[in-house]
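**Q** only geometry, no sequence info:
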């Protein structure tokens, strides 16, 4: 079974600085998708960024970027120029590339605090 | 706003009772997923429906059931409720098939007293 591990339960960063959240996963599949979701205090789950395993290029979305290391099964999220609105729980998630088995497997989350 | 709606937002009930949670997917999405978020179990996949048919099942208890209707909205039924069923229940939807993303609703907070 696939597992997703987020080893940092909590992280903090000064406003305007850069922070990296770690995620590792275990799978025997070669094709899959990886996601970072953000859950602010409102509890809404918001997609931050996604990565297809067959793409070597790391995904970027404005201030958010990933470092995808397929061989190491690592998928870290970098947040640049951190803002107060970035404070949230961040969940790493894995999904197989399998029509009919599209469930997301989540890590335990990292709580990110932004220090003004 | 993801376009996925869930009702009710909050639900408080007693042990042994039965409740129904409702989800309307984004326009055009055929798949609906249910997830449970609890303090001890984290975010766990419960069940997926695609165009009215059950497609995948996760760690869903026998006391729980779901269905997807012809208009594609879905309901999650929880019966014989126990204290441990208190959690945030999310519905997500996607077009399904190929490269697609699951968009989450705001969740229903269930409290069992």
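**A** Arrived safely, thanks for sending. Being a predicted model, the structure only gives us computed values, none of them experimental.
**Q** for beta bridges, what are the partners of the residue nearest the centre of chain A?
**A** With distances taken as Cα atoms, centre = their mean, residue A:36 lies nearest the centre of chain A, 3.1 Å away. Partner residues in beta bridges with residue A:36, using DSSP bridges, are residue A:49, residue A:92.
**Q** if I look at it, how far off is residue A:94?
**A** 11 Å (Cβ to Cβ, to the nearest Å). No exception for glycine: its C-beta is placed from N, CA and C like everyone else's.
**Q** let me see the contact set for residue A:58.
**A** By Cβ atoms under 8 Å, 6 or more residues apart in numbering or on different chains, the contact set of residue A:58 is A:51, A:65-68.
**Q** shaky segments in chain A?
**A** Counting by pLDDT under 70, chain A contains low-confidence ranges at A:100.
**Q** cool, and chain B?
**A** In chain B (pLDDT under 70), the answer is B:96-99.
**Q** how about the residues of it near chain A?
**A** B:2, B:31, B:33, B:35, B:42-45, B:48, B:55-56, B:58, B:88, B:90, B:92, B:94, B:96-99, B:101-104, B:106-107, B:109 (Cβ under 8 Å from any Cβ of the partner chain).
**Q** which residues of chain A lie near chain B?
**A** Counting by Cβ under 8 Å from any Cβ, chain A sits next to chain B at A:33, A:35, A:37, A:42-47, A:50, A:52, A:91, A:99-106, A:108-109.
**Q** buried ones only from those, please, as a PyMOL command.
**A** Here is the PyMOL command that selects the buried residues among these (16 or more other Cβ atoms under 10 Å in any protein chain shown):
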select buried, chain A and resi 33+35+37+44+45+47+50+91+102+103+104+105+106+109
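**Q** of the residues of chain A next to chain B, which belong to strands?
**A** Residues of these located in strands (DSSP state E): A:33, A:35, A:37, A:46-47, A:50, A:52, A:91, A:105-106.
**Q** between these, which is nearest residue B:62?
**A** residue A:105 (22.1 Å; Cβ to Cβ).
**Q** ok, the closest one touching residue B:35?
**A** No: here residue A:105 does not reach residue B:35: they are 10.6 Å apart, not a contact under Cβ atoms under 8 Å.
**Q** now the common contact residues for these two.
**A** In contact with both residue A:105 and residue B:35: residue B:45, using Cβ under 8 Å, 6+ apart.
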